[in-house]
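Visitor: need a structure here:
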Amino acid sequence: MCGIAGLIHRGKSSNVGRELTAMLQSLKHRGPDSTGFALYGSPKSGEHVLRFKVAEQEDMRHGFQIQHLVKERRAEVDRRLDELGATRVAVEDATDYAFRYSISYDGDMKKLADYVEDVEGAEILSIGNTLELIKDLGDAGQVSSQYGLGEFGGTHAIGHTRMATESDVDIRSAHPYWAYPFNDISVVHNGQLTNYWGSRREMERRGHRFMSNCDSELIAVYLADRMERGDSLEESMHRSVGELDGVFTYVVATADKLGMAKDVMAAKPMVLYESDEFVALASEEVAIRSVFPHEIDTYDPYEGEVMVWQS
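Guide: All right, here's what the predicted structure looks like:
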């Protein structure tokens, strides 16, 4: 079933970590297996935030052996960053297996991503000037507390609560997905894509990589491919409605935009609230009311609709 949510403040920052946590926690019944956040904060000149992991949460139950492997894998990631000339400005252990680095790097970001992910067990969750992508097993309250997201200030955010249906219950299969290799682009999705494998093979022939067998990752890769070929975000989204088969509603975010798209059958729910200062959208109205408990007017987008908002 899954639940998706997004919010954007127009022209100001807010505690988007706390707001999105409340929205996703209210959607826990739609997906108890994992929760993910894509949070957009204030950029620092000349720095990128690199979020990556070198193991899965369940791997850590295997004791000393996996702990030793985690140390080896992280050391190899550090070595490769140094080799490429990426300076580690700040380093944070988010968990025993997931890490947050602020790096200074003016080289080829795709080359960096590929080189890091060539380390066994390593997966880059996101690279961005403003984006920080965090996902793990558990509900929104658990993940937010584990990663210290309650005080995250920023302009916008999207998130996902997952009920696993066709792929594993692990971090790799959780949403959001980063639109590799583009900075600051992330996607969450509710639905099913029926042309996943054929479209995936086409994207792989074009040089794109996939880190999971989850059909939702295809949307992120598809949008990255279209933008690499010169389309704007909105143009890519309009094209996706005609070229992605299945029933779906998805939400995408960039450094300064929030967008949503529904398939032409509109089988997957989406509710919107919009004011001059704020936009919120979610699979159910209860998520929006977790942030706005007072009386508000919400509405449902039409079938095949694409909408984009600017921060």
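Visitor: which residues touch the closest residue to Tyr177 other than its chain neighbours?
Guide: Leaving out its chain neighbours, the residue that sits closest to Tyr177 by C-beta to C-beta, 6 or more residues apart in numbering is Ala220, at 4.0 Å. (Each C-beta comes from the backbone N, C-alpha and C, glycine too.) Taking C-beta atoms under 8 Å, 6 or more residues apart in numbering, we find Ala220 in contact with 176-180, 185-187.
Visitor: For Gln142, which non-adjacent residue is spatially closest?
Guide: Per C-beta to C-beta, 6+ apart, closest to Gln142 is Thr35, 7.5 Å.
Visitor: Next, give phi and psi for that neighbour.
Guide: The phi/psi pair for Thr35 (degrees, to the nearest 10) reads phi -140, psi 140.
Visitor: Any chance you could list what contacts stretch 89-96?
Guide: Outside stretch 89-96, the residues touching it (C-beta under 8 Å, 6+ apart) are 47, 51, 55, 57, 60, 67, 70, 99-104, 134, 136, 146-148.
Visitor: and Gly150, what helix or strand is that in?
Guide: Using DSSP states H and E, Gly150 sits in no helix or strand.
Visitor: My guess is it contacts Leu20. True?
Guide: No. Using C-beta atoms under 8 Å, Gly150 makes no contact with Leu20, being 10.2 Å away.
Visitor: With neighbour numbers in mind, choose between those two.
Guide: Between Gly150 and Leu20, Leu20 has the larger neighbour count (other C-beta atoms under 10 Å), namely 30 against 13.
Visitor: And the next helix or strand past the helix or strand containing Leu272?
Guide: For Leu272, the host element (DSSP H and E) is strand 271-274. Note on strand 271-274: by DSSP H and E, the next helix or strand toward the C-terminus is strand 278-282.
Visitor: Check which helices and strands that following strand is in contact with.
Guide: Contacts defined by 3 or more C-beta pairs under 8 Å, 6 or more residues apart in numbering; DSSP states H and E place strand 278-282 against strand 3-9, strand 271-274, helix 285-289.
Visitor: please redo it, this time with the cut-off set to 7 Å
Guide: Secondary-structure packing of strand 278-282 (3 or more C-beta pairs under 7 Å, 6 or more residues apart in numbering; DSSP states H and E): strand 3-9, strand 271-274.
Visitor: Just checking: what are the partner strands of that strand?
Guide: The strands that strand 278-282 pairs with in its sheet are strand 3-9 (antiparallel), strand 271-274 (antiparallel) (by DSSP bridges).
Visitor: would JSON lines of those with mean pLDDT and mean neighbour count be doable?
Guide: Below are the strands paired with strand 278-282 laid out as JSON lines (pLDDT from 0 to 100; neighbours: other C-beta atoms under 10 Å):
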{"stretch": "strand 3-9", "mean pLDDT": "96", "mean neighbour count": "27"}
{"stretch": "strand 271-274", "mean pLDDT": "96", "mean neighbour count": "18"}
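Visitor: Any regions of the stretch 1-150 of the chain where pLDDT drops low?
Guide: 1, 64 (pLDDT under 70).
Visitor: quick one: the helices in it?
Guide: Here the stretch 1-150 of the chain has its helices, by DSSP state H, counting those that start in this stretch, at 16-25, 64-84, 109-117, 140-147.
Visitor: For Trp197, which of these is the nearest?
Guide: For the helices of the stretch 1-150 of the chain, the distance to Trp197 is smallest for helix 109-117, at 21.8 Å, taking C-beta to C-beta.
Visitor: Report the buried residues of that closest one.
Guide: Within helix 109-117, the residues scored as buried using 16 or more other C-beta atoms under 10 Å are 109, 112-113, 115-117.
Visitor: again, but for stretch 43-56
Guide: Going by neighbour count (16+ other C-beta under 10 Å), the buried part of stretch 43-56 is 43, 47-56.
Visitor: Just the CA trace of it, in CSV.
Guide: What follows is stretch 43-56, C-alpha atoms only, in CSV (Å, rounded to 0.1, in the frame of the first residue of the first chain):
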residue,chain,number,x,y,z
PRO,A,43,23.7,24.8,1.2
LYS,A,44,27.2,25.6,2.2
SER,A,45,29.4,27.1,-0.5
GLY,A,46,31.8,24.6,-2.1
GLU,A,47,30.4,21.6,0.0
HIS,A,48,28.4,18.6,-0.8
VAL,A,49,26.7,16.3,1.7
LEU,A,50,27.4,12.6,1.1
ARG,A,51,25.1,10.1,2.8
PHE,A,52,26.1,6.5,2.4
LYS,A,53,26.0,3.1,4.1
VAL,A,54,28.3,0.1,4.1
ALA,A,55,25.9,-2.6,5.5
GLU,A,56,22.3,-3.3,6.2
